[in-house]
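Participant: Starting from these lines, generate the structure:
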Amino acid sequence: MGLLTVATPLHWDDSREHLEFVRRHGIEQFIAVYNRMKYISGDRLMYGDEIEYGLIKLDPAVSKARILLKGPEVADKLSECERQDGQSRDDTGGHWHPEYGAWMLEGTPGQAYGGFTSDLRRVEINMRSRRSRILTALSENEIAPTLVSFPQLGVGDFAIDGAGNTDFTPNGPKAASRYIPDEIIHPHPRFAALTQNIRLRRQRNVKMMVPLYEDRNTDLTPEEGSDGDPGIYMDAMAFGMGSCCLQVTFQARDVSESRHLYDQLAVLAPIMLALTAATPIFKGKLADIDVRWNVIAGSVDCRTAAEDGSGTTEPQEQLAGKGVRPLAKSRYSSIDMFICNHLAGEDPHTKTATYNDVPVVYDQEFFDRLVAEEDIDPILAKHVAHLFVRDPLVIFKERIELDDSVDTDHFENLQSTNWNTVRWKPPPSIDEHSDRKIGWRTEFRSMEVQLTDYENAAFTVFITLVSRVLLSFDLNLYIPISKLDENMERAHKRDAVLKETFWFRAHLAPPGEGECCVEGDADCPIHSDDDQVVQMSILEVLTGKGKFFPGIVPLVFVYLEKIGCDQETQDKVQAYMKLIISRASGETKTAAKWMRDFVVNHPDYKHDSIVSDKIAYDLVTVSNDIGLGKRAVPDLLGNIKIEPVLKENAYNVQLTRLAHSRAELRDMMARYAARAEISKRKREIRHRMGELRQELEELQTELDELEDRQPASHEPAY
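Facilitator: Residues are numbered from 1 along each chain as shown. Next up is the predicted model:
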């Protein structure tokens, strides 16, 4: 969730005088990090996932589910358990982090995965371990499913704290929401300040409108507060940032590779968003979209009316662009530009400027500084200067005057609140005398969290292997940014994974002979243009289209064969790929499709698009059972069997040397001697019973033989 500093956040009115200072010093801090780290190379692949969980309290007596505001308490408890005996340092360990909501929890592996094939098998093991460890920190009727969004967020008394209190009043000073009480925000002061400052900068509440899934009894009357706009109306940051997701971060070999990965993975972001779709419900109603992204974008949209084009705003000297410079997107969006200058721009098939066909707003002064004074190439300079057309949203009173040669708070203030589908991440600040452990990274951010660790591992392993394929085979996925924006919008549509097509590059490498899409001597429009983009279904992106496009999944298996992957890993990857392809083909449902069908087919559903208390209770209960391996769902997982996740298996147990008194030892030995005697007697009895059963069987056989030999007679038999 970005930069978490233990300090005092300034109110927006007090922070305005420091906005320009933070922006200017943020640029200086980036320059310091870049110049210090730009020459490092040879870093090995390391990667890790981030999974977010939502804590929920079940009330079986009335079939009511509520978000459970114990996230900080559970995170502290889990972190303490990890610290004991160094649990976080083994393959099953985890790290636990706060998230926006007080009911949320983020888990990451205790140790990053490495660049070996065996590490691909570690992913699911570690995810299962984290889920089991969460179980140890929960009480009766408390659950932590991996749902993107709590289905009744903002509806009635939807929250409960650790003391059992459900009496929370909306319209607090931070969110000022009709539906969301401030108490559900995580208590770290950054989160409440972020909520309030976004609202104050834009000079009105955030507003998200989601199309309603129309059923035969659906009431289409606009909601109060929606200004007459149809659909599901939401007015607080929690509706977006209260969403859970699956993210994967890769450490690159060097700065150039990190930029290359950024560009290539960005093209896949809408594809993976649609493929992992898992958000069909908002504020207790079925939506006519399947994913979370645009709702989050709206929930943190700090643009003024002049900036977003919805109206006019008086210029404000202290704001970036005086608060009136047009900005096409929220600061949470798909990427605005590609940033790699592949082979210093000499590769004719990857000239980035060709694909950056949408104008990008950037700070001209900062751009000139980076190019003219620091010799940073114009493409990267524009990306960084583009980050700084935004204002810092939370400034900490104690962290204003900093050493720009060491600290990176001001740069990260802008960097961490530009939330894009992919994020380029310079190494964190380190002391010059310390050992460097983290290099240049690329974070893949578009995927929705899945109900099971098997699915989350499958998508994590898939995107990891695709990153290796792209780098190893030097493939080119570039499409124009305008087409990428189109893909992002299409990914939101209901059942987009099956019903939508997406712009994708026809050739991942310059085409060879025999790759035409037409027969005979006719001109091939695909072959004649190396940069051609065509519309493909997600299944075609994965498995191939015609002669000219091989598909990504076959390339994954070619890569594994080339590197000599072991059979055990091959089998695991094969199973993961089978599941992913089944989602793209419709053989299995996305989580969004499965949830919508669950609601529509529920006996309490009134065909009115409303997800009632009872329906929501059953949905989260079943979703939790699926994640724990208690319930098989062929529609969602095919024939995959999820092994039960148990809290009893959560932690490794050390073979420690015990300290005890002689009296305790005598007592234990006496108890185990008594048990041994009982066990011995039970074995004797079982043995004797076996002998008697054998003797009875022999007697029965002899009796049957005698009966058969006895001649028929009217005389009585003895």
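Participant: check contacts around residue 355.
Facilitator: By Cβ atoms under 8 Å, 6 or more residues apart in numbering, residue 355 lies in contact with 338, 478-481. Just so you know, the C-beta spots here come from the backbone N, C-alpha and C atoms, and that holds for glycine as well.
Participant: the longest helix in this structure is where?
Facilitator: Determined from DSSP state H, the single longest helix within the chain is helix 662-709.
Participant: Show me the shaky parts of the protein.
Facilitator: Applying pLDDT under 70 to the chain picks out residues 1-5, 85-90, 342-350, 430-436, 511-528, 712-718.
Participant: Which strand runs longest in it?
Facilitator: As assigned by DSSP state E, the longest strand anywhere in the chain is strand 46-54.
Participant: circling back to that earlier point, want to throw the contacts of residue 355 into CSV with distance to residue 454 and neighbour count?
Facilitator: Listed next are the contacts of residue 355 as CSV, based on distance: Cβ to Cβ, whole Å; neighbours: other Cβ atoms under 10 Å:
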residue, distance to residue 454, neighbour count
338, 33, 27
478, 33, 25
479, 31, 24
480, 36, 17
481, 34, 20
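Participant: Please flag which of these sit within strands.
Facilitator: Per DSSP E, the contacts of residue 355 never map to strands.
Participant: okay but residue 602 is in contact with residue 615, surely?
Facilitator: Yes. The criterion here is Cβ atoms under 8 Å, and residue 602 meets it with residue 615 at 4.9 Å.
Participant: Can you pick out the residue with more neighbours from the two?
Facilitator: residue 615 (23 against 16; other Cβ atoms under 10 Å).
Participant: what's the helix or strand for that one?
Facilitator: When secondary structure is defined by DSSP states H and E, residue 615 falls within helix 613-627.
Participant: Tell me which other helices or strands that helix touches.
Facilitator: With contacts taken as 3 or more Cβ pairs under 8 Å, 6 or more residues apart in numbering; DSSP states H and E, helix 613-627 sits against strand 56-59, strand 64-69, strand 142-143, helix 591-600.
Participant: name the element the residue positioned nearest the centre of the chain belongs to?
Facilitator: Relative to the mean C-alpha position of the chain, the nearest C-alpha, by Cα atoms, centre = their mean, is the one of residue 246, at 1.2 Å. Taking DSSP H and E as the definition, one finds residue 246 inside strand 246-251.
Participant: follow-up on the earlier one: using a markdown table, lay out the contacts of residue 355 together with distance to residue 465.
Facilitator: Shown next, in a markdown table, are the contacts of residue 355 (distance: Cβ to Cβ, whole Å):
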| residue | distance to residue 465 |
| --- | --- |
| 338 | 22 |
| 478 | 20 |
| 479 | 21 |
| 480 | 26 |
| 481 | 26 |
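Participant: tell me the contacts of residue 444?
Facilitator: 247-250, 265, 268-269, 272, 421-422, 463.
Participant: returning to that earlier point: list the buried ones in the helix holding residue 615?
Facilitator: 613-627 (16 or more other Cβ atoms under 10 Å).
Participant: residues in contact with it?
Facilitator: So helix 613-627 is contacted by 56, 58, 62-65, 131, 143-147, 150-152, 156, 284, 451-453, 595, 598-599, 602, 604-605, 611, 631, 633, 636, 642, 645 (Cβ under 8 Å, 6+ apart).
Participant: burial count for the closest residue to residue 486 other than its chain neighbours?
Facilitator: Among residues not flanking residue 486 along the chain, residue 503 sits closest, at 6.2 Å (Cβ to Cβ, 6 or more residues apart in numbering). Here the number of neighbours of residue 503 (other Cβ under 10 Å) works out to 19.
Participant: before we move on, what SS does residue 503 have?
Facilitator: Recorded secondary structure, residue 503: strand (DSSP: H, G, I helix; E, B strand; the rest coil).
Participant: before we move on, what about residue 17?
Facilitator: At residue 17, secondary structure determined by three-state DSSP is helix.
Participant: Please enumerate residues in contact with the helix or strand encompassing residue 286?
Facilitator: Following DSSP H and E, one finds residue 286 within strand 285-286. Residues outside strand 285-286 that contact it (Cβ under 8 Å, 6+ apart) are 212-213, 215, 232, 280, 596, 599-600, 609-611.
Participant: mind redoing it with 10 Å?
Facilitator: Identification of contacts with strand 285-286 by Cβ atoms under 10 Å, 6 or more residues apart in numbering yields 151-152, 155, 210, 212-215, 218-219, 223, 231-232, 280, 494, 595-596, 599-600, 605, 608-611.
Participant: Tell me where the stretch 51-200 of the chain has strands.
Facilitator: 56-59, 64-69, 94-97, 104-109, 142-143, 159-161 (DSSP state E, counting those that start in this stretch).
Participant: Who are the packing partners of the first one?
Facilitator: What that stands for is strand 56-59. strand 64-69, strand 142-143, strand 159-161, helix 613-627 (3 or more Cβ pairs under 10 Å, 6 or more residues apart in numbering; DSSP states H and E).
Participant: Next, format those as a markdown table and append distance to residue 361.
Facilitator: Listed next are those as a markdown table, based on distance: least, Cβ to Cβ, whole Å:
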| stretch | distance to residue 361 |
| --- | --- |
| strand 64-69 | 37 |
| strand 142-143 | 44 |
| strand 159-161 | 39 |
| helix 613-627 | 41 |
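Participant: Figure out which of those is closest to residue 188.
Facilitator: With distances scored as Cβ to Cβ, the stretch of the helices and strands packed on strand 56-59 nearest to residue 188 is strand 64-69 (13.3 Å).
Participant: Could you figure out how far that closest one is turned away from strand 46-54?
Facilitator: Using axes from the mean of the first three to the mean of the last three Cα atoms, to 10 degrees, the direction of strand 64-69 lies 130 degrees away from that of strand 46-54.
Participant: and strand 64-69, what does it pack onto?
Facilitator: strand 56-59, strand 142-143, strand 159-161, helix 613-627.
Participant: Sounds good, over and out.
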